[in-house]
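J.: here you go, sequence then predicted model.
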Protein chains: 2
Amino acid sequence: MQILVVNCGSSSVKAEVIDVTSGKRIAVMSVDRISEPEPKVKFSGSTEVLTCQGSGHENALAFAFPLLLEKIDKSQLKGVGHRIVHGGKIFDEPVVITEEVEKQIEGLFSLAPLHNPINLLGVRIAKKYFPDVPHVAVFDTAYHSTIPPRAKNYALPKNLIQKHDIERYGFHGTSHQYVAEQAAKFLETDLHDLRLISCHLGNGASVCAIEYGQSVETSMGMTPLEGLVMGTRSGDIDAGVVTYLMEKEGKTWQEISDMLNKESGLKGIAGTNDMRDLEERAAEGDIDAQLAIDMFVHRLRKYIGAYAAVMGGVDAIIFTAGIGENSASLRYKVVQKLGFLRAILDEQKNKMLKFVGVDWVEDISASNSKCKILVVKTDEQLSIAEQTAKVIRESKFKGQPPR
Amino acid sequence: MQILVVNCGSSSVKAEVIDVTSGKRIAVMSVDRISEPEPKVKFSGSTEVLTCQGSGHENALAFAFPLLLEKIDKSQLKGVGHRIVHGGKIFDEPVVITEEVEKQIEGLFSLAPLHNPINLLGVRIAKKYFPDVPHVAVFDTAYHSTIPPRAKNYALPKNLIQKHDIERYGFHGTSHQYVAEQAAKFLETDLHDLRLISCHLGNGASVCAIEYGQSVETSMGMTPLEGLVMGTRSGDIDAGVVTYLMEKEGKTWQEISDMLNKESGLKGIAGTNDMRDLEERAAEGDIDAQLAIDMFVHRLRKYIGAYAAVMGGVDAIIFTAGIGENSASLRYKVVQKLGFLRAILDEQKNKMLKFVGVDWVEDISASNSKCKILVVKTDEQLSIAEQTAKVIRESKFKGQPPR
Ligand SMILES: Nc1ncnc2c1ncn2[C@@H]1O[C@H](COP(=O)(O)OP(=O)(O)O)[C@@H](O)[C@H]1O
Ligand SMILES: Nc1ncnc2c1ncn2[C@@H]1O[C@H](COP(=O)(O)OP(=O)(O)O)[C@@H](O)[C@H]1O
């Protein structure tokens, strides 16, 4: 079964046709700088860069989707899976996108103004080019619907919470779910017998406590701003600092929000959001770069300890995404003080680690480490494809897809 | 040596004359509702309530201090210790209050606009009535000056941090320091050989990681808003929620700040900031009260796990202040999942615990608990008195006190 996965962002669109059974990529397309006059289209396996006729999502995808169609056997394509960032309180699992669902996603615009409108635009355009197969929405937030009230709630006035649906929704759900399943397979243990802490460390970063198969805590909150220090996001911060800066700098909520989301984090401390650059600069003695790394590590270590306390212990710690998969030095630093969790690193294995193919899991813990330390390659597109295929298989809607 | 300790708040002033050697209270005076037309003055050991001539700190203390002077042997009084909330980056230990120091405390008004101006007013009034002895400032923040940069810093743009001296200052330092010292004495172990987690749980609440005698992390931040769920403060919250509420509710930074500081926390969730009431209501099946307690416990447990990770383990967990000293049920809930830290409660000892006098420390851990669980009665006034006496003894200023 082949599934097209569409990940529609504000400045780029990524679309992959994946064979769900084998995990193989049939075609991978990306459109970059979509708002500029001449967006560029690339296909994997080719160095050619094509230029779209016009700018904006409608124009660019009108140019790009037909090219993608040429590369695949359309009769094999059984559905389209869409990454939708925010499912609010409504969606706790993937769903076939009916007109009703589209309206519900629209209703969640104010919770994710930067993401949901663009995600839905992607759905509507894709439905024009692939009208004969069901389209499925896979939500970043859905996996966290199992988080219990004591962890989901903020300590704010009850009436405000209810009026605005304020709670910890959490994000990166697709990735946390995927790497947890991969880890369980690798450990040959039922997911329902494991307490896992998944550290998704990319440009955006979050930690998730997965207790016996369910997300029970996560570091991102109502928005993706809370939690770890990230590429350009502050992560956890005293709300008193936010109001203080508004007072002293005379900034609006919008300006402060932009500052916290786009000018803070690693970039704010050391001028760049790229961990590779930071590691190079730190090695050369750059103090800001060293501080940025130290803060990133310190905060992550605190979350690991905190989530161990939430679950009463931890059986495996998972590192994933750009930084988690690639930075041996960062992994080394994070687990330095975790001996009390009986998590002990095999330094050689950690250093020698090399990527190999998909489905990639490596154990970097020492043989006497009771808590396993794993590096798992995340694959959100494949996970979306799998979840989409599952919904379609189980779906009541046969024949003509629902509109 | 007798020391007068002055704790000057916005609505009340507390003044105690303490014999530092014995810890005995010679006289305890409090002035309440100081801004109302007829503030009330009380002395311990007497049920009489006196009424001040006029309102405001100047008037009320002009009435009250002479009465206090009548109760003591003035020749025994060797100094006055003042609680000053914010010492900024300047003060990392108690100091004799010279005119220079007064100016420096003034310079910190914007970091603690609700506290430092009133604290300083108290100093100036007290200097009039007690001109012949040195006055010493003891700062809530000073104890946390040892927190390393990775924990002190927020991940904000570097220029803003420097411009506004933004960092984690931490509070409750006097209490955390005092209970840590009491715990070390009780355990007959040098403080420098212990990793402690001190949980100060009053109306305001904070946790502190004390590694070999030094504060290395604490949950309150640049302001006392960050960290645990408190009586009326939200504690940790997604900064995205703050800006979201400003947008949706059209509130100013000042209104949002008031809401987060005065209408949130336990009160926001369940309508009251009093843990006793909440426990009673929860026992009767009140769902909001139960949620408020569950959130309080969950967040505290996360901090204990996090600080264990910061120190690579923990030798004793300390409960103190109103809730920590009095609520067996809350202590029971918090340590429920901490077996992985080898912290095991003796449920009987926990339940049977009773206050006895000053200097009160009880071990409520099971005999096989490697990590001790202690309840310590905090005494911030005594600690201020002791610190004041120490400064005076070591001070170069003999004879006429510095002005
Ligand atoms: N070899 C490496 N060493 C350290 N960091 C790396 C390495 N490779 C990639 N990274 C970091 O991974 C981050 C991007 O992660 P990624 O998961 O691709 O982000 P996104 O959230 O944008 O998908 C960047 O900070 C990058 O510097
Ligand atoms: N027996 C008790 N059981 C539960 N909570 C208690 C008990 N006694 C006092 N408290 C709680 O302690 C808190 C006040 O603590 P305290 O240290 O006096 O606060 P402050 O920060 O104002 O000094 C209140 O929430 C109160 O309900």
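T.: Received it, and whenever you're ready, just let me know what you need. Ligands and ions are numbered 1, 2, ... in the order given.
J.: verify the stated contact: A:Trp253 with B:Val241.
T.: No. A:Trp253 lies out of contact with B:Val241 (C-beta atoms under 8 Å); the separation is 11.3 Å. For glycine as for every other residue, the C-beta is placed from the backbone atoms N, C-alpha and C.
J.: and those two? Which one has more around it.
T.: When A:Trp253 and B:Val241 are compared for neighbours, B:Val241 comes out ahead with 25 against 21, by other C-beta atoms under 10 Å in any protein chain shown.
J.: so what's that one closest to, chain neighbours aside?
T.: The shortest distance from B:Val241 to any non-neighbouring residue, by C-beta to C-beta, 6 or more residues apart in numbering or on different chains, is to A:Met222 (5.1 Å).
J.: give the other helices and strands that the longest helix seen in chain A contacts.
T.: Criterion DSSP state H: the longest helix present in chain A is helix A:287-311. On a contact count with 3 or more C-beta pairs under 8 Å, 6 or more residues apart in numbering or on different chains; DSSP states H and E, helix A:287-311 meets strand A:195-201, strand A:205-211, strand A:214-218, helix A:265-270, helix A:275-283, helix A:328-335, helix B:149-152, helix B:287-311.
J.: what's the angle from the very next helix or strand once past that helix to strand A:195-201?
T.: Sequence order places strand A:316-320 as the next helix or strand after helix A:287-311, per DSSP states H and E. Strand A:316-320 and strand A:195-201 are oriented at 20 degrees to each other (axes from the mean of the first three to the mean of the last three C-alpha atoms, to 10 degrees).
J.: do the next helix or strand after strand A:316-320 and chain B meet at all?
T.: Next along the chain after strand A:316-320, taking DSSP H and E as the criterion, comes helix A:321-326. No. Against chain B, helix A:321-326 shows no contacts by C-beta under 8 Å from any C-beta of the partner chain, the least distance being 14.9 Å.
J.: let's test this: mean pLDDT of helix A:321-326, rounded?
T.: Helix A:321-326 carries an average pLDDT of 95.
J.: if you count contacts, what does it end up packed against?
T.: Counting by 3+ C-beta pairs under 8 Å, 6+ apart, helix A:321-326 packs on strand A:195-201, helix A:275-283, helix A:328-335, strand A:372-376.
J.: list the buried residues of that helix.
T.: The neighbour-count check on helix A:321-326 (16 or more other C-beta atoms under 10 Å in any protein chain shown) flags A:Ala321, A:Gly322, A:Ile323, A:Gly324, A:Glu325, A:Asn326 as buried.
J.: then stretch A:244-252?
T.: A:Tyr244, A:Leu245, A:Met246, A:Lys251.
J.: does chain B sit close to it?
T.: Yes. Counting by C-beta under 8 Å from any C-beta, contacts between stretch A:244-252 and chain B involve A:Tyr244, A:Leu245, A:Met246, A:Glu247, A:Lys248, A:Glu249.
J.: who's in contact with the last one?
T.: It stands for A:Glu249. When contacts are counted by C-beta atoms under 8 Å, 6 or more residues apart in numbering or on different chains, A:Glu249 touches B:Leu160.
J.: just the pLDDT for it.
T.: We have a pLDDT of 95 for A:Glu249.
J.: for whichever residue of chain A sits closest to ligand 1, which non-adjacent residue is closest in space?
T.: Relative to ligand 1, the nearest point of chain A is A:Gly322 (1.9 Å; C-beta to the nearest ligand atom). Using C-beta to C-beta, 6+ apart and skipping the chain neighbours, the partner closest in space to A:Gly322 is A:Gly202 (4.5 Å).
J.: and the residue of the stretch 1-150 of chain A that's closest to chain B?
T.: The stretch 1-150 of chain A approaches chain B most closely through A:Arg150 (3.9 Å), counting by C-beta to the nearest C-beta.
J.: you'd agree A:Leu374 is up against A:Phe319?
T.: Yes. Using C-beta under 8 Å, A:Leu374 is in contact with A:Phe319, at 7.1 Å.
J.: more neighbours: which of the two?
T.: Higher neighbour count among A:Leu374 and A:Phe319: A:Phe319, with 30 against 21, using other C-beta under 10 Å.
J.: quick one: contacts for the more buried one?
T.: A:Phe319 neighbours (C-beta under 8 Å, 6+ apart): A:Cys199, A:Leu201, A:Glu325, A:Arg331, A:Val334, A:Ile373, A:Leu374, A:Val375, A:Val376.
J.: mind redoing it with 10 Å?
T.: If you count contacts by C-beta atoms under 10 Å, 6 or more residues apart in numbering or on different chains, A:Phe319 has them with A:179, A:197-201, A:300, A:325-328, A:330-331, A:334-335, A:350, A:353, A:362, A:364, A:373-376, A:378.
J.: helix/strand/coil for the residue nearest to B:Val241?
T.: Three-state call for A:Met222 (DSSP: H, G, I helix; E, B strand; the rest coil): coil.
J.: wait, it touches A:His164, no?
T.: Yes. Using C-beta atoms under 10 Å, A:Met222 is in contact with A:His164, at 9.1 Å.
J.: more neighbours: which of those two?
T.: Comparing A:Met222 with A:His164 by neighbour count (other C-beta under 10 Å), the higher total belongs to A:Met222, at 24 against 17.
J.: need the contact list for that one.
T.: Per C-beta under 10 Å, 6+ apart, neighbours of A:Met222: A:86, A:111-112, A:141, A:152, A:154, A:164-170, B:237-238, B:240-241, B:244.
J.: looking at these, which are in helices?
T.: Among the contacts of A:Met222, DSSP H puts A:Lys152, A:His164, B:Gly240, B:Val241, B:Tyr244 in helices.
J.: which positions in the helix or strand hosting A:Glu102 come out as buried?
T.: Using DSSP H and E, A:Glu102 sits in helix A:99-107. Of all the residues in helix A:99-107, those buried under the rule 16+ other C-beta under 10 Å are A:Val101, A:Glu102, A:Gln104, A:Ile105.
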